[in-house]
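Novice: got a predicted structure plus its sequence, pasted below:
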Amino acid sequence: MIFCQPEVGLGLVPGAGGTERLTHLLGRDRALEVLLTGQDYDADRAAQYGWVARAIPDAELDDFVNAVARRIASFDRQAITAVKTQVNRSTLPSEENLLASFVESARSTTGPGVEARGRAVGKLVAQIGIDDLERNLGHHLESLAEQP
């Protein structure tokens, strides 16, 4: 599994609260690293950074998820709901911040670099194929500025 926030490399601003949520999850410094570099991160690094709770091998994922789900399902639903409400209230961005993020993201789609980088993506896909681009997007972002 690869994690990446490629927007800046494409001339865009992340939308849907990416900047707010990552800042809460990773802290300011690591969120800036992830958002500004557009690098690829494997699951182990994502877990180390706090982007995901843990990295689990594919072969173990179903058993792990099922065991956690069974355990939580055995607890009182009212207590579960209350805990989730408390955690969400203290960790999720406000609607005002999400709206501001959406507006900035939408505004970025008309930026001067977006069209040029979009053409560069098309040329890169023709050169290396869509599969390689998707699997290694963070690696290829820097080359978008170099496309003629």
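Specialist: Perfect, I can see it now. Numbers count the residues shown, from 1 in each chain.
Novice: quick check: mean pLDDT across the helix or strand containing D62?
Specialist: Using DSSP states H and E, D62 maps to helix 58-73. For helix 58-73, mean pLDDT is 97.
Novice: so how far is that helix from its chain's centroid?
Specialist: 23 Å (Cα atoms, centre = their mean, to the nearest Å).
Novice: now stretch 22-39
Specialist: In terms of Cα atoms, centre = their mean, the centre of stretch 22-39 is found 10 Å from the chain centre.
Novice: which residues sit against that stretch?
Specialist: 4-9, 14, 18-19, 41, 49-51, 91-93, 137-139, 141 (Cβ atoms under 8 Å, 6 or more residues apart in numbering). Just so you know, the C-beta spots here come from the backbone N, C-alpha and C atoms, and that holds for glycine as well.
Novice: now it: mean pLDDT?
Specialist: 95.
Novice: per-residue pLDDT, M1?
Specialist: For M1, the model assigns a pLDDT of 86.
Novice: for E142, that is, sorry about that
Specialist: 86.
Novice: quick check: it touching G9?
Specialist: Yes. E142 lies in contact with G9 (Cβ atoms under 8 Å); the separation is 7.1 Å.
Novice: what about these two, which has more around it?
Specialist: G9 (22 against 12; other Cβ atoms under 10 Å).
Novice: and that one, that's in a strand?
Specialist: No. With DSSP: H, G, I helix; E, B strand; the rest coil as the criterion, G9 is assigned helix and is not in a strand.
Novice: what sits closest to it if chain neighbours are left out?
Specialist: L141 (3.1 Å; Cβ to Cβ, 6 or more residues apart in numbering).
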